[in-house]
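Trainee: Structure here, sequence nowhere to be found:
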């Protein structure tokens, strides 16, 4: 039972009567207490439907003053009365007639959704099946990649999570996410607007990334030339092959690396194994490889760079299995939770294979101080298993569950186990996606987990 | 199995929406405090539901699907507003949606119970509800009108809502017997 004070605060929350500070506090309460969420859900139901009912009563009474507020949605009538039901049916029928008969934007389309990879769409107002013709409207790609071909000839690969508004065959607006564009001569002047910048293309391949919330815009020219205009000051800069630029507030114009930010992630489903399984969390984990401003303390970054070895990232995970009777191990699984890192282009990395290796013989002592640095020494390793992540997919749980892993754990002579996780697939072009999975320091996602099933030993 | 005809699809959507609308409304009104904005967003959800009804998988609960669409619309609303920030984090929105789906069955009966409970309210409490929900007055504005303090108005609002909640539960229990 939640306290009276909290109930009062939740009522005030619904009434929009809390200060920003109070809102933050109540959010923490809700995050910790499922009972408070349930109470709020019940109250919100009454609050919302009281509004509907009182508005309808007001209308009935012919009160004049409510005309200043948008009052009755077309579904805002009592579902219980026949009149209400008929009204709803009539409106829905009208809407559906429009939607079923005409098809959305059938006559004013100017682009085609050519192909998608592992795409998951959120509510937008455009069709999302492959081959769909697109007119004005918004596409929201929650996961994966989608390729759009504009009638002007411009091709745009959208990398999730992304929101793209389509205006016509030469103009669109990227509200969030990354768009990699390939512009032929026929589409010179193709324009991508963002909340902070206006990027105009002059025959090139380029990538634009927008960070939701800040509107920060990164433009990177892969080949050719683009012009970036600061939406606020009108200042213009031209970028050529290999150059990049960041626009945010006062920061503009310098072709710089720019700082990226890690997108927030949703909590993942908990790992569910039966009672016969022991779940171990790492005692240490880190990754090697360092790029200024492109690092993380909560994710283990993995990348196989095309040219420079220094920016190749390899993850290392250490477990202590001293609590496990090794000879009783029946099977084992290593689970990793991937999440977007915010760095690199997904379209520059094809479907990727990752491999997990176990370190054998003379494993050098290592700790988390190697993070962003180098692994001490080159111990022998044994391949324990591989998994695949399709192009465009950046989050989800991936695992290996192999006989090799089980044997490795059973036969290992030391209770400290070290794994190495590498991406076997090299990026197809520079600036490819950096994959990342949650480390033991991640605030929300589960850490790398070693699940071990043992034979029951009768004592 | 044959595809449903256009007419069958319309009827199905109408029935499903009637049951889901109060829950969607609750979700939107919890996330957006301004009544006019919340009404706008409920309308947008209704349109999206109708437009995308052919994507709805009958094996999934309709309310959960409609709430999933509603979540995007709420986030859109704040994105457009720019300055204002989402009151709830995304995981909290998920939690709220889940709670609404599991805790709010029998929408038609519940809505009927609410109507009957409003009727039973004492005149003073009705006036309070009218000011808040019909006129859209804030606690401060209500205090001015009622020549009271905002703090006591908040307490009164809380009490009347508690009365209504108790009454609804009683009505539903009666109906169940």
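Mentor: Received it, and whenever you're ready, just let me know what you need. Everything numeric here is computed off the predicted structure, so don't read it as measured data.
Trainee: The closest residue in space to residue A:222 that isn't next to it in sequence: neighbour count?
Mentor: In space, residue A:222 comes closest to residue A:205 once its chain neighbours are excluded; the distance is 4.2 Å by Cβ to Cβ, 6 or more residues apart in numbering or on different chains. In short, each C-beta sits where N, CA and C put it, glycine included. Neighbourhood size, residue A:205 [other Cβ atoms under 10 Å in any protein chain shown]: 18.
Trainee: Relative to chain B, how far out is residue A:205?
Mentor: 29 Å (Cβ to the nearest Cβ, to the nearest Å).
Trainee: what's that residue in contact with, if anything?
Mentor: Residue A:205 makes contact with A:180, A:181, A:182, A:183, A:221, A:222, A:223, A:224, according to Cβ atoms under 8 Å, 6 or more residues apart in numbering or on different chains.
Trainee: Can you list phi and psi of residue A:2 for me?
Mentor: With angles defined as degrees, to the nearest 10, residue A:2 sits at phi -90, psi 150.
Trainee: Test my guess that it contacts residue A:38.
Mentor: No. Contact criterion Cβ atoms under 8 Å: residue A:2 and residue A:38 do not qualify, at 9.1 Å.
Trainee: Give me the below-cutoff pLDDT ranges for the stretch 351-459 of chain A.
Mentor: A:456-459 (pLDDT under 70).
Trainee: where do the strands sit along it?
Mentor: Assigned by DSSP state E, counting those that start in this stretch, the stretch 351-459 of chain A shows strands spanning A:352-360, A:380-389, A:396-400, A:416-423, A:435-438, A:449-454.
Trainee: The longest one packs against which elements?
Mentor: To tie it back to what came earlier, the one meant is strand A:380-389. strand A:329-338, strand A:352-360, strand A:396-400, helix A:403-411 (3 or more Cβ pairs under 8 Å, 6 or more residues apart in numbering or on different chains; DSSP states H and E).
Trainee: the inter-axis angle of it versus helix A:403-411?
Mentor: 140 degrees (axes from the mean of the first three to the mean of the last three Cα atoms, to 10 degrees).
Trainee: okay, the angle between strand A:380-389 and strand A:416-423?
Mentor: Using the same axes, to 10 degrees: strand A:380-389 against strand A:416-423 is 50 degrees.
Trainee: Of all the residues in strand A:380-389, which ones are buried?
Mentor: Neighbour counts over strand A:380-389 (16 or more other Cβ atoms under 10 Å in any protein chain shown) mark A:381, A:384, A:385, A:387, A:389 as buried.
Trainee: Please identify which of these is nearest to chain B.
Mentor: residue A:389 (23.1 Å; Cβ to the nearest Cβ).
Trainee: contacting residues for that closest one?
Mentor: Applying Cβ under 8 Å, 6+ apart, the residues contacting residue A:389 are A:338, A:351, A:352, A:354, A:396, A:398, A:435.
Trainee: Separate out the buried members of these.
Mentor: A:338, A:352, A:354, A:398, A:435.
Trainee: ok, back up a step: how about the contacts of residue A:389 in JSON lines, adding distance to chain B?
Mentor: Formatted as JSON lines, the contacts of residue A:389 follow (distance: Cβ to the nearest Cβ, whole Å):
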{"residue": "A:338", "distance to chain B": "18"}
{"residue": "A:351", "distance to chain B": "26"}
{"residue": "A:352", "distance to chain B": "27"}
{"residue": "A:354", "distance to chain B": "27"}
{"residue": "A:396", "distance to chain B": "17"}
{"residue": "A:398", "distance to chain B": "22"}
{"residue": "A:435", "distance to chain B": "22"}
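Trainee: So which bits of the host helix or strand of residue A:39 are buried?
Mentor: If you go by DSSP states H and E, residue A:39 is part of helix A:34-60. Residues of helix A:34-60 classed as buried by neighbour count (16+ other Cβ under 10 Å): A:36-59.
Trainee: quick one: it near chain B?
Mentor: Yes. Residues of helix A:34-60 are located near chain B by Cβ under 8 Å from any Cβ of the partner chain, namely A:34, A:37-38, A:40-55, A:57-58.
Trainee: thought residue A:246 was touching residue A:217?
Mentor: Yes. Because the distance of 7.1 Å satisfies Cβ under 8 Å, residue A:246 is recorded as touching residue A:217.
Trainee: who has more neighbours, those two?
Mentor: Set residue A:246 next to residue A:217 and count neighbours by other Cβ under 10 Å: residue A:217 wins out with 27 against 24.
Trainee: Next, find the distance separating that one from residue B:89.
Mentor: 25 Å (Cβ to Cβ, to the nearest Å).
Trainee: In the stretch 301-450 of chain A, which residue sits nearest chain B?
Mentor: residue A:444 (8.2 Å).
Trainee: what's the answer for the stretch 51-200 of chain A, then?
Mentor: For the stretch 51-200 of chain A, Cβ to the nearest Cβ, closest residue to chain B: residue A:54, 3.6 Å.
Trainee: quick one on the thing from earlier: what pairs with the residue nearest to residue A:222 across the strands?
Mentor: residue A:182, residue A:223 (DSSP bridges).
Trainee: Tell me which residue is most central in chain B.
Mentor: Central residue of chain B (Cα atoms, centre = their mean): residue B:26, 2.1 Å from the mean position.
Trainee: Tell me if I'm right that it and residue A:50 touch.
Mentor: No. Counting by Cβ under 8 Å, residue B:26 stays clear of residue A:50, with 10.5 Å between them.
Trainee: picking that back up, for the helices and strands packed on strand A:380-389, which one ends up most surrounded?
Mentor: Most buried of these, by mean neighbour count (mean count of other Cβ atoms under 10 Å in any protein chain shown): strand A:329-338, with a mean of 22.
Trainee: Could you tell me which residues make contact with residue A:48?
Mentor: Under the criterion of Cβ under 8 Å, 6+ apart, the contact list for residue A:48 reads B:22, B:25, B:26, B:28, B:29, B:30, B:38.
Trainee: Is it possible to get JSON lines of the strands of the stretch 351-459 of chain A that adds distance to residue B:147?
Mentor: Putting the strands of the stretch 351-459 of chain A into JSON lines (distance: least, Cβ to Cβ, whole Å) gives the following:
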{"stretch": "strand A:352-360", "distance to residue B:147": "69"}
{"stretch": "strand A:380-389", "distance to residue B:147": "66"}
{"stretch": "strand A:396-400", "distance to residue B:147": "59"}
{"stretch": "strand A:416-423", "distance to residue B:147": "69"}
{"stretch": "strand A:435-438", "distance to residue B:147": "57"}
{"stretch": "strand A:449-454", "distance to residue B:147": "62"}
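Trainee: can you list the weak-confidence ranges in chain B?
Mentor: Ranges of chain B meeting pLDDT under 70: B:1-4, B:82-85, B:104-105.
Trainee: ok, how many other residues are close to whichever residue of it sits closest to chain A?
Mentor: Taking Cβ to the nearest Cβ, chain A has its nearest neighbour within chain B at residue B:33, 3.0 Å off. By other Cβ under 10 Å, the residues close to residue B:33 number 18.
Trainee: and if you look at residue A:207?
Mentor: 23.
Trainee: Can you give me every residue that contacts it?
Mentor: Residue A:207 touches A:178, A:179, A:180, A:181, A:218, A:219, A:220, A:222, A:345, A:431, counting by Cβ under 8 Å, 6+ apart.
Trainee: Give me the phi and psi angles of the third one.
Mentor: So the one you mean is residue A:180. phi -100, psi 120.
Trainee: Return the per-residue confidence for it.
Mentor: pLDDT, residue A:180: 87.
Trainee: Tell me, how many residues neighbour it?
Mentor: Neighbours of residue A:180 using other Cβ under 10 Å come to 24.
Trainee: Over to the first one?
Mentor: Neighbours of residue A:178 under the rule other Cβ under 10 Å: 25.
Trainee: by contact count, what packs against the strand or helix carrying it?
Mentor: Residue A:178 is part of strand A:171-182, with elements assigned from DSSP H and E. Here strand A:171-182 touches strand A:155-168, strand A:191-193, strand A:205-210, going by 3+ Cβ pairs under 8 Å, 6+ apart.
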